[in-house]
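> Next come a sequence and a model predicted from it.
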Amino acid sequence: MALTLPPNTLALDIRALDALKQGAGSSAQAAQTTREAARQFESLFMHELVKSMRAATLKSGLMDSGQADLGQDLLDQQLALGLSGMPGGLSEAIRRQLARQMAGAAGDARGDANGGAKGHADGAPASSTLGLQPPAAASARAGAPSQERARFVQRLGHSAERVARDSGIPAGFMLGQAGHETGWGQSEIKHADGSNTFNLFGLKAGQGWAGKVAEVRTTEYVDGRPRKVLAKFRAYDSYEESLRDYARLINGSPRYAKARAQTGSVVAYATELQKAGYATDPGYARKLSGAIHSALRAQRTQT
């Protein structure tokens, strides 16, 4: 049953807020819940606007009292709630923004049956994409137990250090990005037979790739919307081979020149990667920065 809050619902009715909370947990009611939440946000804005207008108005002093001010404020809240939710109003813009955020959060929590592969451009100026990860990987990426991150960093640490010496890209940067792309090892790209591709960075197999290939169904973002596609990914014989291929891509492609110049700053490096089109996820730089910081912390605890 769809959530419906009557237009004359009291502005401070706690039951209305409870109804919104309950609706937020149901996918069937998600659209209506988002619409009502947007209306509540707009009513808060309208109330502040009315309050500011009244504060700028001179009072006569004849009827001024605390009780009168409280009554007027309640009436203003109810007026703001009644004026909100109009077609073409602010609530429509808020609703669209909430819907996009909810879709992104749902995407992070959903997974592909094949392991939730991510696809990124192979260096050519083609569309680079970020796929959706399964629940275990999403949990590992967002706030995973430090033990998982530590194990991942320890397992790949020596290989990353060797590649870092040859490439100039900090080992922690590569480990953090590999952790983010694979859910700290919980969502690695697999061949059809279940064997590992050792693809740590979700790099696609474009026309210039002559190595092994794995075909995987993944999710690409087109105009901010997730879309399922069948894509070809690079496959390697070891994790170090994957790390070296990533380093060649970053160091050898002009599109990542600005990122290469920012290896002294985690945030700047991640931001330049996103600007260069490494991923289409609008929140990629923020997520990648957090993952790199996690890898750097794990490295420090192991030295």
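Cool, got the structure.
> Give me the residue ranges of the stretch 1-150 of the chain where confidence is low.
1-73, 76-145 (pLDDT under 70).
> From Ser242, how far out is Gly168?
From Gly168 over to Ser242 the distance is 18 Å, taken as Cβ to Cβ, to the nearest Å. For glycine as for every other residue, the C-beta is placed from the backbone atoms N, C-alpha and C.
> if you count what's nearby, which of those two comes out ahead?
For Gly168 and Ser242, the more surrounded residue by other Cβ atoms under 10 Å is Ser242, and the numbers stand at 24 against 12.
> was I right about the more buried one contacting Asn199?
Yes - using Cβ atoms under 8 Å, Ser242 is in contact with Asn199, at 5.8 Å.
> Now for these two: what residues contact both?
Arg234, Tyr236 (Cβ atoms under 8 Å, 6 or more residues apart in numbering).
> so what's the closest residue in space to Leu175 that isn't next to it in sequence up against?
Leaving aside its chain neighbours, Leu175 sits nearest to Ala295 (4.1 Å; criterion: Cβ to Cβ, 6 or more residues apart in numbering). By Cβ under 8 Å, 6+ apart, the contact set of Ala295 is Arg149, Val153, Gly172, Phe173, Leu175, Gly176, Gly179.
> Test my guess that the first one contacts Thr182.
Same thing as Arg149. No - applying Cβ under 8 Å as the test, Arg149 and Thr182 come out as separate, 11.6 Å apart.
> Would you map the helices across this structure?
Per DSSP state H, the chain carries helices over the ranges 14-24, 30-55, 66-83, 90-109, 135-143, 146-167, 171-182, 239-252, 257-260, 266-275, 284-301.
> Distance of Tyr221 relative to Ala160?
Applying Cβ to Cβ, the value for Tyr221 to Ala160 is 28 Å.
> Neighbour count for those two, which is higher?
Between Tyr221 and Ala160, counted using other Cβ under 10 Å, the more crowded position is Ala160 (27 against 21).
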